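Novice: Here's a sequence, model it:
(one chain, ligands or ions: 1)
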Amino acid sequence: MAHPVTSHPIFIYSPVFDNYRFSHDHPFDPIRIRLTYELLRASGILQDHHLVDPREASVAELLLAHREDYVEFVKTKGSTGENIYCKEANRFGLCTEDTPTFFGMHHSAATITGGTLLGAKHVLEGVNNHALNLSGGLHHATSGKASGFCVYNDLNVAIAYIRKHTDLRILYIDTDAHHGDGVQFHFYDDPMVCTLSIHETGRYLFPGTGSVRERGNGKGYGSSFNIPLDAYTEDESFQYVLENSLYIVAEHFKPDIIVSQHGADCHYLDHMSHMSLTMDSFRFIPKIIHKIAHEYCQGRWLATGGGGYNAYDVVPRAWALVWKEMADVPSGQVPDELPGSYLSLVRQWTDEPICPTWMDHGKDYNSIPRREEISDKNKKSLIDAMYAINSGQIGNNFFANRIVE
Ligand SMILES: [Zn+2]
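Specialist: The predicted model follows:
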């Protein structure tokens, strides 16, 4: 992408991220971050000067988006790893099957939040500034409750920080398979924070929210957008919905900064959702977000990880593509074959079959018989979600010109 580069993007990384681990067989596995790092290093597209160490967020920083009693509990009893406090912990959404407590929980969760906050500060410093914290993206946590593997909501803390210190209009984009409920509802009344979540319909999937009718509240009405997609949605329909909605929302909202969550669980080889995206979409998502960041936001772009439960085969490739886009690595510079040194490293952790190329090339892909029906339904959801903009209820009539058949 042609734009003047006045600052290089940063990749926030520390082996400390490995410590955010609920148990050895819990599906939320920090190996994803480590392997993404190793893949990028082996490919020669992540250099020393990109790397920045996170520091732990202070309690005062966590309180930008969390309740004091919650932080206090997580920091003390919640971090002992002893389940004698479970009755109390349940009140805070902890000690559940999804989100158990573990030893050192506060330190590791606060370091993730500190990483995203550091990214926000870097992005605010100048133009064309991008930052990536793949340990972040914990979009389900609320101010007083853990939820869906998320203890502290690093996104909310970072967005609240930007709100407190600037007048920038913030566009949050969430392409995790699960609805970005924690971020949406935290800023539901705030017209300066616009959320766009594209996810598998909540009919059968956690957290169940994210219908097109959730549009914000009070002054924030018209700044929450949700496009629930049908199960088994494939690349073409997903990319159509993403590109159109993102342009419509960006043109309507006119953001100054983008915060994006890059859950990789919409991939067809991820077993925690029912979506059918290939790596082609995981190349497309950061590309279109990057474009919007430069067109509307002087390049201000903070990106995080998120869900993604095929930890060895899928997530490292999907997340490495976010960095590849962010760092403007020219296509063709990196061969499609993954580096041999990386593949043998992965073998230290798993015997599962691993795709040896960046792209999937149809490996184990079963095409979906109801493709047309699903695409039609998704298009209808897109139109419903954009209705308020289109009908002039909340602004211009850009929509009519944008959707391209
Ligand atoms: Zn850029």
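
Novice: For the stretch 151-300 of the chain, just list every one of the strands.
Specialist: For the stretch 151-300 of the chain, applying DSSP state E, counting those that start in this stretch gives strands covering 170-174, 193-200, 224-229, 257-261.

Novice: Same list (those) but as a markdown table, adding distance to Glu214 and mean pLDDT.
Specialist: In this view, the C-beta of every residue, glycine as well, is placed from N, C-alpha and C. Formatted as a markdown table, the strands of the stretch 151-300 of the chain follow (distance: least, CB to CB, whole Å; pLDDT from 0 to 100):
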| stretch | distance to Glu214 | mean pLDDT |
| --- | --- | --- |
| strand 170-174 | 13 | 98 |
| strand 193-200 | 9 | 98 |
| strand 224-229 | 5 | 98 |
| strand 257-261 | 17 | 98 |
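
Novice: so what secondary structure elements neighbour the host helix or strand of Ala109?
Specialist: Under the criterion of DSSP states H and E, Ala109 resides in helix 105-125. Here helix 105-125 touches strand 10-12, helix 59-62, helix 68-75, strand 130-133, helix 154-165, strand 257-261, strand 301-304, going by 3 or more CB pairs under 8 Å, 6 or more residues apart in numbering; DSSP states H and E.

Novice: Using CSV, please lay out the ones you listed together with mean neighbour count and distance to Glu372.
Specialist: Shown next, in CSV, are the helices and strands packed on helix 105-125 (neighbours: other CB atoms under 10 Å; distance: least, CB to CB, whole Å):
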stretch, mean neighbour count, distance to Glu372
strand 10-12, 23, 40
helix 59-62, 17, 47
helix 68-75, 18, 47
strand 130-133, 29, 36
helix 154-165, 24, 35
strand 257-261, 25, 30
strand 301-304, 30, 33
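
Novice: Export these to a markdown table and append columns for distance to Thr113.
Specialist: Formatted as a markdown table, those follow (distance: least, CB to CB, whole Å):
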| stretch | distance to Thr113 |
| --- | --- |
| strand 10-12 | 11 |
| helix 59-62 | 6 |
| helix 68-75 | 11 |
| strand 130-133 | 9 |
| helix 154-165 | 4 |
| strand 257-261 | 13 |
| strand 301-304 | 11 |
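
Novice: how about these, which one is nearest Tyr342?
Specialist: Proximity to Tyr342 (CB to CB) singles out strand 10-12 among these, at 16.4 Å.

Novice: List of residues touching the closest one?
Specialist: Applying CB atoms under 8 Å, 6 or more residues apart in numbering, the contact partners of strand 10-12 are 37, 40, 46, 50-54, 115-116, 118-119, 122, 130-135, 323.

Novice: Would you agree Ala158 is in contact with Val123?
Specialist: No - at 9.3 Å, Ala158 and Val123 do not qualify as touching, with contact defined as CB atoms under 8 Å.

Novice: Show me whatever sits in contact with both of the two.
Specialist: Residues touching both Ala158 and Val123 (CB under 8 Å, 6+ apart) are Leu302.

Novice: Nearest to Gln239 among the strands of the stretch 151-300 of the chain would be which one?
Specialist: The nearest among the strands of the stretch 151-300 of the chain, by CB to CB, is strand 193-200 at 10.4 Å.

Novice: how many degrees apart are the closest one and strand 257-261 in direction?
Specialist: Compare the direction of strand 193-200 with that of strand 257-261 by axes from the mean of the first three to the mean of the last three CA atoms, to 10 degrees and you get 30 degrees.

Novice: Who does strand 193-200 pair with, and is each partner parallel or antiparallel?
Specialist: Partner strands and pairing direction for strand 193-200 (DSSP bridges) are strand 170-174 (parallel), strand 224-229 (parallel).

Novice: Run the angle between it and helix 154-165 for me.
Specialist: Angle, strand 193-200 to helix 154-165, by the same axes, to 10 degrees: 160 degrees.

Novice: so which of the strands paired with strand 193-200 gets nearest Gly307?
Specialist: Going by CB to CB, the one of the strands paired with strand 193-200 nearest Gly307 is strand 170-174, 10.2 Å.

Novice: what's the angle between the closest one and helix 105-125?
Specialist: Put simply, strand 170-174 runs at 130 degrees to helix 105-125, going by the same axes, to 10 degrees.
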